[in-house]
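[1] 3D model of this:
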Amino acid sequence: MLTTTDKIAFALYQSGCLKFGSFKIKSGATSPYYIDMARILSAPKQLDLISEIAAEKIKEVAKTECVHKLASIELKGALIVPSIGIKLDMPCIIVRKAEKAYGVTGRIAGADITKGDALLFFDDVISEGLSKIEGIQPLLELGAQIKHMLVVVNREHGGKENLEKLGYKIHALAKITDIVDSLHNTKHISKEEANKVIDYVGCFKN
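    Have a look, this model is predicted:
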């Protein structure tokens, strides 16, 4: 029987979101894999699967914590969060990376924020966690409350732990080491490819 991790792993691999090789990432370092979540738009069935799993996770959170609306930041998380919102019948908010200078100005798009709104913040991946703090700041300034954050993949660079030290509850649909284990076990990638990712992640745990 397929686990949630198996489903996420296959969806990312089949859609082309998860690539293996040598990639320069935002920090300037080189990574043996890259996650391009925008590719999920080319694979509607995989997008629907990830959205459904994310929606179920949010339902679990909502059993014990109030969640009024979903929020994300452009670009990657913002591509998926509306699909999750549809499944939950929940309004969505997108934080722009820069102020919009014309029309409806500001950094917030989508649903309005009322002071005291409990938001769940969604994004594609978590690395060190710094971008999440930057992303939620405009929401907090408008009076929103954010306790929970959900990502598709935990890249295991310490971000989950960093944010939990600040009091946030971090949820991930899957960890990258579990994803590559799943893909190797199902013969989608070689042992060498899996080990390169596992060794790479290990550098952040020393």
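[2] Can you mark which positions in stretch 133-150 are buried?
    135, 136, 138, 139, 142, 144, 146, 148, 149, 150 (16 or more other C-beta atoms under 10 Å). (Glycine included, C-beta is placed from N, CA and C.)
[3] next one: stretch 58-65
    So for stretch 58-65, counting by 16+ other C-beta under 10 Å, buried means 58, 61, 62.
[4] Just name the closest of those to residue 5, please.
    residue 58 (17.9 Å; C-beta to C-beta).
[5] hang on, the earlier thing: out of the buried residues of stretch 58-65, which are inside helices?
    58, 61, 62 (DSSP state H).
[6] any idea where the strands of this structure begin and end?
    Assigned strands in the chain, in chain order: 18-24, 30-35, 69-73, 92-100, 106-110, 118-126, 145-154, 169-175 (criterion: DSSP state E).
[7] how much space is there between residue 65 and residue 38?
    From residue 65 over to residue 38 the distance is 30 Å, taken as C-beta to C-beta, to the nearest Å.
[8] Now pLDDT and distance to residue 174 too, for the buried residues of stretch 58-65, in a markdown table please.
    Shown next, in a markdown table, are those (pLDDT from 0 to 100; distance: C-beta to C-beta, whole Å):
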| residue | pLDDT | distance to residue 174 |
| --- | --- | --- |
| 58 | 98 | 16 |
| 61 | 97 | 17 |
| 62 | 96 | 21 |
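[9] which stretches of the protein aren't confidently modelled?
    100-105, 206 (pLDDT under 70).
[10] got the contact list for stretch 23-43?
    If you take C-beta atoms under 8 Å, 6 or more residues apart in numbering as the criterion, stretch 23-43 is touched by 11-12, 14-22, 46-47, 50, 75-77, 79-80, 124-125, 152-153, 155, 176, 180, 193, 196-197, 200.
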